[in-house]
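In: Predicted model follows, preceded by the sequence.
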Amino acid sequence: MTDRKKVNVAAYLLLEKDGKFLFLKRQNTGYRDGDYGMPSGHLEDDESLEECIIRETKEEIGIDVKDVEMMVVVHTSDDYLDFMFKADSWDGEIKNCEEEKCAEMKWFGLDELPENITPEIKAGIEAYKNGEHYVRI
């Protein structure tokens with residue numbers, strides 16, 4: 001049997017409120033610290049993508065998202081498949097639950113994003129704005 005390529009899988013959340021989206025400034029993670037990301041995390045064994053983003057959102061910003069919808073898949077050159085979900089309703093109060101990994105939380109419109117945003121998120125947002133569901137970077 002031929003060896004198959006292995007990929008890493010992560011889920012991201014576009015959390016929308018009043019036309020703006022929540023971004024988290026990364027710190028002490030070892031990946032693109034100082035850049036803005038989103039609530040996100042790696043898929044665990046025996047977990048669906050929806051379960052992953054619901055769990056990660058609760059762990060990182062303390063809310064229970066409802067009705068997540070898959071929007072974009074970003075396939076990166078370093079063998080990641082990043083699935084971006086969108087949610088605009090939730091239960092609970094948004095708070096920084098991982099202050100050691102998140103320097104700040106800010107809301108940005110998709111047309112006013114900061115310069116320092118992770119490349120996979122930037123590509124995913126551009127695809128989302130263009131009505132595309134898949135992008136390779």
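Out: Yep, it's here.
In: could you point out which element follows the top helix by length along the chain?
Out: For the chain, the longest helix by residue count, based on DSSP state H, is helix 49-61. Next in sequence after helix 49-61, counting helices and strands by DSSP states H and E, comes strand 64-65.
In: Strand partners (parallel or antiparallel) of that next one?
Out: Paired strands of strand 64-65, with direction, are strand 90-91 (antiparallel) (DSSP bridges).
In: Contacts for the partner strand next, please.
Out: Outside strand 90-91, the residues that touch it by CB atoms under 8 Å, 6 or more residues apart in numbering are 15, 57, 63-66. Bear in mind the C-beta positions are built from the backbone N, C-alpha and C, glycine included.
In: what's the closest of the residues you listed to residue 1?
Out: Taking CB to CB as the measure, residue 1 lies nearest residue 57 of these, at 37.9 Å.
In: Just give the nearest non-adjacent residue to the closest one, would you?
Out: Closest residue to residue 57 apart from its sequence neighbours, by CB to CB, 6 or more residues apart in numbering: residue 39 at 4.7 Å.
In: measure the one you found to residue 130 for me?
Out: Distance of residue 39 to residue 130, computed by CB to CB, to the nearest Å: 23 Å.
In: what about these two, which has more around it?
Out: Between residue 39 and residue 130, counted using other CB atoms under 10 Å, the more crowded position is residue 39 (28 against 10).
In: which residues touch the more buried one?
Out: Shown in contact with residue 39 (CB under 8 Å, 6+ apart): 12-13, 15, 22, 24, 53, 56-57, 60-61.
In: correct me, but residue 29 touches residue 100?
Out: No - the pair residue 29 / residue 100 is not scored as a contact, 9.2 Å apart, by CB atoms under 8 Å.
In: Between these two, which is the more surrounded one?
Out: Neighbours were counted for residue 29 and for residue 100 using other CB under 10 Å; residue 29 has more, 13 against 9.
In: Spell out the secondary structure type for that one.
Out: Put simply, residue 29 is coil when judged by DSSP: H, G, I helix; E, B strand; the rest coil.
In: next one: residue 127
Out: With three-state DSSP as the basis, residue 127 sits in helix.
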